[in-house]
Structure formats: C-alpha cells, structure tokens
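Asker: quick one: sequence plus predicted model below, questions after.
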Amino acid sequence: MMKNQKKTKQPLTIDQKIKRRNFLSLGVFALGSAAAYKGWRWLSTSAEELTGVTGGAQVPLRRALNKTELFFRNFFSRNHLVKTYPKAMAAKNVRQNSDIGLESDIVLADWKMEVKRANGELMYITMDQIKTLPKTEIVYDFKCVEGWDQIQYWGGLKMLDFIEHFGLAEETKTQYMGLMTPDKEYQVGLDMDSAIHPQTILAYEMNGQPIPLNHGAPLRLIIPVKYGIKNLKRIGYMTFSNTRPPDYWAREGYDYYSGL
Amino acid sequence: MKQIKEKHSVLMRWTHWVNFPLLTIMIWSGLLIYWANDVYSITLFGHTYVKFFPRWFYKALDIPAHLAKGMAYHFLFMWFFALNGLIYVIYTVVSGSWRELLPQRKSFIEAWQVLLYDLHIRKMQPPQNKYNAAQRIAYTAIIVMGFGSVLTGLAIYKPVQFATLTWLCGGYHLARIIHFILTIGYVFFFLIHITQVILAGWKNFWSVISGFEVIRSNKPMKIVPTASPENDEKPKED
C-alpha cells in the first residue's frame, strides 16, 4: 500500500517529461494536420448548390457568401456616396464586357419598360416619359468584378426621381428590385437600399450622347454601389419582391450582393 | 544534464501553424482573382522584366477562369486569416511577449551583423536571445504586413462603404497594388524563413511544435533535495 502510493507520486524524470511532452505535441500536431486536411477535403469536394436564384457555387461557400453579405450590409448607408470626377477625366472608349441579353433584335422606337406594381398591375413606360423628367449626370469610377475600373460619364433619370414620379414609393418598401432585359436572358436582383441609393440612375446617355446599342440602349441601369455585373443593359422589365429576384451572375457562382 | 527550456507558448504555436494553411489558401484564391485582370509587371524603360504572371505559371497551378470560385474562397477564409492574426496580436500584447519581438533601437544595426554572420562574412555571432535582431524585425514586419493585407483588402472590397480607408491606402489602384506586393512579400518571407529554419536545424524547428528545447549543460548534476517527505524516503527505496 505504501509502496503503491509512492510510485504514483514519484515525480517524472527529466527524460520522461521530455518524452511525454514530445509525444503529446506530435500527437496534437498530427491530429490537427489530419483535421485540417479532412476539413479541406470536405470543403473542396463539397457539392455544388442546386441552381435556383443562385447557382454555380459549392454549398458551404454560398452560405459563407450570404453570411458575409449580411455582415457587410451593416456598413451600407445611402449617405455613403461614390466619389465623382470632372467630365474631362471620363474615358472616351468605354469598355464593354458582354452582350448577354442584347442579342435579340430591338426596335428602339417601340421600346417600353414593363413595371409590375405591388398589386400586380402592369405599367408601361416609354422613353419620352422618362426623358421629360429632370436629367441627372454622374462621372464616377465604374468597377468590374474582374478587377479593372474605368472613369465613365453617364446621364439619365435618377432612380429616386423615377420612383417618385411614377408613384412607386409603396413598392420600394419591399426588399428587392428585379430587372430583366426584354429577352429575359440577363437579369439582376438588387437589395432595395442599393437600388434607391441617390446615385443609382436609369441611364440613357453616355458621354453626353444617346447610349449606343452595345452599351444598353435605350435605357440601362447605372448603379455605382455595385460591381459592373449588376449594371444591367437594355432594361425591359422591373419587378419588386421580398424574395431575391433571378440574377444572371449569381447563378454563375458569383456573390448575389456584389456590393462595393 | 538535460534541462527543459520553455521556448514557444501554446498560443504562438497554434496561431503559427493555423496561419500557414490559411495564408496558402488566401494566396491561391487571390491568384484566382488576380488572373481576371493580371495587369502587373516590372517594366523599366519599356522593357518588361517580370510579368505577373507568365502563362506557364498559371497553367502549372490551374489558375485560369476561376474568378467566382476564387472570390468565394477568398471571402470565406479572410475571416479566419484576420481572426487568427488578431488572436496572435492580442496574445502577444497581453502576455508581454511583444518585448521579445518588437525591434529595439539597436536591432537595426545588429540585424546587419546577423546578415553578415549568416552570409559567413562576419565570424562573431551577434547576440541571440530568444530572437535575434533580424528575427525581431522580420517577425514584426510580417505582422505589419498582415495588417496591411487586411486593410488594403477591405479597401478594395468595399471602396464605397469604406471610402476613407480606400483613400488612406492611396486610392483603389494603389490599394490593389499594395495588396498584391504584400502577397509577393509573403512568398519571399516564406522562402527566407524556410531556409533559415533548415539552417537552424531540427531542434529549433521542433520547438515550434513542442514548445520547448532540451538544453544539455556540461556541469555535473546537482541534486537538490526537496523538503517533501516522499523525496526524503527516496534513497531508502533505491
């Protein structure tokens, strides 16, 4: 009995201590490495999300994008204005990245934008109606999700003025605005705060001239608080909803929010 | 006689080893993003010396056409990278181990001596405490770089909501350039770090996993009897 007690209380020799600590360290390090490897395997081979409003991203990564959006939306304010520049700094050759949604024929004179009101009633708005309202111009740094940017000069009807004139205040109480090209090939969904940011414009002029077809004639969206992918060309439809409207690039694996 | 010399705290070891895969993932996903607008090069008087990056480089690492994937990974792991760094910095401040890490006034001269010694130009070894002067500078610089990456990253990520930060970084373009240069900096740091670790030997490397080093002193073992009754009885047992 005495002997036993002594044995358990025997302090470890220095060699035993070294051995024990090395063994523990190696064990923890090996376990940690294995866990990290397993975790990486799990994440990098995780299944792609089912294509709905969003698509093309792996499930955990899409969840992370959405959570990160919620965090950064806390910092969004409609009072945070995009920096503007003198007209002389605007690019003469305005960069154009894609034709999606512009490939069908269009008769500019017949163009109308269909707006679906909250009560389901459809409104059709012509260019004449839009052009009679005060014009707003902006020269700002257009930013592409690819990493390039360009100072561009756009003119048109401020979204806030559009909302006010056409009595859509009630509609802006919903969470999202959806826009689509007339052929419905390209769509964007915008959180309402960004859509009615004071610098968001329904543009019909570029560099003081009517917008050319490849840049979205007759009317396109210019939304400086978003990456270029949200700046839909050739608007055909406008909708309001409390759920996310379809969005072309969000279905291709990009962040739905894509806010700057 | 062997002796255990405590060297690296548990927290320092964890954050160090956690940072390694995190930074690797950040650099890889950063490359996937950078590829979409790979405009940087080192060009002097119209001659391009280095292009970031040549096609063989992209091909070897399977970089092209994964922008969306790159962004998704980058914006997930940025949280862990920043958090891990923050934990390390808070620990370093609170524990007082910053005293062994921050460069001192003499460090800058000593670091030069360390360099000469390492290059076998100078014979006498400069003072090596836990960290020598060059290590103090390097391990502080890498933390400053980490902060730089997080801040310039935020400046590019939300240039409208964090416009002041973007302005402080010298604007959108400069912020992206700094973000890129810092990344190149990590790669250089890694190469030098690995070389130094190999030169310093296994014991030094292992201490960053185990936390301690074994010191062998030539002095004969001094037996210090303790007052506890168990130890008092020990000789009888043997």
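Answerer: Sure, I can see it. Residues are numbered from 1 along each chain as shown, chains lettered A, B, ... in the order given.

Asker: how about the residues of chain B near chain A?
Answerer: Within chain B, the positions lying close to chain A (C-beta under 8 Å from any C-beta of the partner chain) are B:2-4, B:17, B:21, B:33-34, B:36-37, B:39, B:67-69, B:71-73, B:75-76, B:79, B:158-163, B:172-173, B:176, B:206, B:209-212, B:214, B:230-231, B:233, B:237. For the C-beta atoms, the positions are set from N, CA and C on the backbone; glycine is no exception.

Asker: just the buried ones from the residues you listed?
Answerer: B:17, B:21, B:33-34, B:36, B:67-69, B:71-73, B:75-76, B:158-163, B:172, B:176, B:206, B:209-212, B:214 (16 or more other C-beta atoms under 10 Å in any protein chain shown).

Asker: point out the ones among those residues that are inside strands.
Answerer: B:Phe212, B:Val214 (DSSP state E).

Asker: the residue nearest to A:Tyr237 when sequence neighbours are not counted: how many residues sit nearby?
Answerer: With sequence-adjacent residues excluded and distances taken as C-beta to C-beta, 6 or more residues apart in numbering or on different chains, A:Tyr237 is closest to A:Met180, at 4.2 Å. A:Met180 has 23 neighbours, counted by other C-beta atoms under 10 Å in any protein chain shown.

Asker: just the pLDDT at A:Met180, thanks.
Answerer: Looking at A:Met180, its pLDDT is 97.

Asker: surely it touches A:Gln187?
Answerer: Yes - with contact defined as C-beta atoms under 8 Å, A:Met180 counts as touching A:Gln187 (4.6 Å).

Asker: which residues do the two both contact?
Answerer: The contact sets of A:Met180 and A:Gln187 overlap at A:Leu232, A:Pro246 (C-beta atoms under 8 Å, 6 or more residues apart in numbering or on different chains).

Asker: where does the residue positioned nearest the centre of chain B sit: helix, strand or coil?
Answerer: By C-alpha atoms, centre = their mean, chain B has its centre lying nearest to B:Ile142, at 5.2 Å. For B:Ile142, the assignment made with DSSP: H, G, I helix; E, B strand; the rest coil gives helix.

Asker: for whichever residue of the stretch 1-150 of chain A sits closest to chain B, what is the enclosing helix or strand?
Answerer: Per C-beta to the nearest C-beta, A:Gly147 is where the stretch 1-150 of chain A lies closest to chain B, at 3.1 Å. Using DSSP states H and E, A:Gly147 maps to neither a helix nor a strand.

Asker: and it, how many neighbours?
Answerer: So A:Gly147, with other C-beta under 10 Å, has 16 neighbours.

Asker: over to the one 3 residues further on?
Answerer: A:Gln150 sits with 15 neighbouring residues when counted by other C-beta under 10 Å.

Asker: check B:Leu101 too.
Answerer: B:Leu101 has 17 nearby residues by other C-beta under 10 Å.

Asker: show me the contacts for A:Ile235.
Answerer: A:Met113, A:Leu179, A:Met180, A:Thr181, A:Leu202, A:Gly216, A:Leu219, A:Arg220, A:Leu221.

Asker: coming back round to it: the residue nearest to A:Tyr237 and A:Val82, how far apart?
Answerer: 25 Å (C-beta to C-beta, to the nearest Å).

Asker: quick one: contacts for the residue lying closest to A:Gly236 once chain neighbours are set aside?
Answerer: Sequence neighbours aside, A:Pro182 is the residue nearest to A:Gly236 in space, at 3.3 Å (criterion: C-beta to C-beta, 6+ apart). Going by C-beta under 8 Å, 6+ apart, A:Pro182 touches A:Ser104, A:Ile106, A:Trp111, A:Arg234, A:Gly236, A:Tyr237.

Asker: and if you look at B:Gln196?
Answerer: Here B:Gln196 is in contact with B:Asp118 (criterion: C-beta under 8 Å, 6+ apart).

Asker: quick one: buried residues of the helix or strand hosting it?
Answerer: If you go by DSSP H and E, B:Gln196 is part of helix B:171-200. By 16+ other C-beta under 10 Å, the buried positions in helix B:171-200 come out as B:Tyr172, B:Ala175, B:Arg176, B:Ile177, B:Ile178, B:His179, B:Phe180, B:Leu182, B:Thr183, B:Gly185, B:Tyr186, B:Phe189.

Asker: check what pLDDT A:Asp99 gets.
Answerer: In this prediction, A:Asp99 has a pLDDT value of 92.

Asker: what's the spacing between B:Pro126 and B:Ser217?
Answerer: Taking C-beta to C-beta, one finds B:Pro126 at 23 Å from B:Ser217.

Asker: between these two, which is the more surrounded one?
Answerer: More neighbours surround B:Pro126 than the other of B:Pro126 and B:Ser217, with 18 against 9 (other C-beta under 10 Å).

Asker: tell me the contacts of that one?
Answerer: B:Glu110, B:Gln113, B:Val114, B:Tyr117, B:Asn132, B:Ala133.

Asker: nearest to chain A, of those residues?
Answerer: Nearest to chain A among the contacts of B:Pro126, counting by C-beta to the nearest C-beta, is B:Asn132 at 24.4 Å.

Asker: mind pulling up the pLDDT for the closest residue to the closest one other than its chain neighbours?
Answerer: Among residues not flanking B:Asn132 along the chain, B:Val114 sits closest, at 5.3 Å (C-beta to C-beta, 6+ apart). At B:Val114, the predicted lDDT confidence score is 84.

Asker: again with A:Asn4
Answerer: Value for A:Asn4, per-residue pLDDT: 55.

Asker: and if you look at B:Phe75?
Answerer: 97.

Asker: circling back: check contacts around the spatially closest residue to the residue of the stretch 1-150 of chain A closest to chain B that is not a sequence neighbour.
Answerer: Counting by C-beta to C-beta, 6+ apart, A:Gly147 lies nearest to B:Asn37, which is 3.1 Å off, once chain neighbours are set aside. Listed by C-beta under 8 Å, 6+ apart, the contact partners of B:Asn37 are A:Cys144, A:Glu146, A:Gly147, A:Trp148.

Asker: counting neighbours, which of the residues you listed end up buried?
Answerer: A:Cys144, A:Glu146, A:Gly147.

Asker: how close does A:Met192 sit to A:Phe76?
Answerer: 11 Å.

Asker: could you pull out the helices for the chain?
Answerer: Using chain A. A:2-9, A:14-44, A:59-73, A:127-131, A:159-165, A:192-195 (DSSP state H).

Asker: looking at chain B here, not the other one
Answerer: Using DSSP H, helices in chain B cover B:10-34, B:55-61, B:67-95, B:107-118, B:133-157, B:163-168, B:171-200, B:202-210, B:229-237.

Asker: quick one: closest of those to A:Asp255.
Answerer: helix B:67-95 (6.6 Å; C-beta to C-beta).

Asker: now do the closest one against helix B:133-157, angle only.
Answerer: Angle, helix B:67-95 to helix B:133-157, by axes from the mean of the first three to the mean of the last three C-alpha atoms, to 10 degrees: 130 degrees.

Asker: quick one: contacts for A:Asn242?
Answerer: A:Thr174, A:Gln175, A:Tyr176.

Asker: identify the bridge partners of A:Gln58.
Answerer: Beta-bridge partners recorded for A:Gln58 (DSSP bridges): A:Glu48.

Asker: how many neighbours does it have?
Answerer: 19.

Asker: ditto for A:Gln96
Answerer: With other C-beta under 10 Å as criterion, A:Gln96 counts 13.

Asker: count of neighbours near the closest residue to it other than its chain neighbours?
Answerer: Once flanking residues are discounted, A:Gln96 sits nearest to A:Asn214: 5.4 Å by C-beta to C-beta, 6+ apart. Neighbours of A:Asn214 under the rule other C-beta under 10 Å: 13.
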